[in-house]
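1. 3D, please:
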Amino acid sequence: MKPEFRSPCPIATTLDIVGDRWSLVLVRDMLTGKSRYSEFLQSPERITTNILADRLSRMEEMGLISRTLYQERPKRYAYALTEKGRGLIPVVQSICRWANRYETGTWTPPESFMTLAVEPDGTESV
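-> Residues are numbered from 1 along each chain as shown. Prediction:
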């Protein structure tokens, strides 16, 4: 089912997809190696379990992430960014640069995070 967006404006459409307070944090977590539900819960922002479950489901519906079953009983999944999700790399890097420039007290992301790039085939490179 194709989602409905507020308008065809690219900014409004992007905000409809990742403009809540958690989606880009989860993208960050996946870019830094987290893939499991329990790992996302350990992030310093302290997302609640019900919000985490909702955001992961929404992000999967929007095509930003995929999930893979890694344990049958109980069912547990690993999450990974899709090509569409990895396309957010320059967006989150720009947000980091903006915050570091204008908001004192923000931590500087590691060089490995800031040098991630998206190749034309959708894969990540350093």
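
2. Which element, helix or strand, includes the residue lying farthest from the centre of the chain?
-> In terms of distance from the mean C-alpha position of the chain, Arg73 ranks first, at 26.7 Å (Cα atoms, centre = their mean). Using DSSP states H and E, Arg73 maps to neither a helix nor a strand.

3. any idea how far it lies from Ser38?
-> With distances taken as Cβ to Cβ, to the nearest Å, Arg73 is found 16 Å from Ser38. Every residue, glycine included, has its C-beta placed from N, CA and C.

4. Pull the contacting residues for the residue farthest from the centre of the chain.
-> For Arg73, the contact set (Cβ atoms under 8 Å, 6 or more residues apart in numbering) is empty.

5. Tell me the spacing between the nearest residue to Ser35 once chain neighbours are set aside and Leu69.
-> Using Cβ to Cβ, 6 or more residues apart in numbering and skipping the chain neighbours, the partner closest in space to Ser35 is Ala78 (4.4 Å). Separation of Ala78 from Leu69 (Cβ to Cβ) stands at 8 Å.

6. Comparing the two, which residue is more hemmed in?
-> Each of Ala78 and Leu69 had its neighbours counted (other Cβ atoms under 10 Å), and the higher figure belongs to Ala78 (15 against 9).

7. Tell me which residues touch the more buried one, please.
-> Contacts of Ala78 (Cβ under 8 Å, 6+ apart): Ser35, Arg36, Arg67, Thr68, Tyr70.
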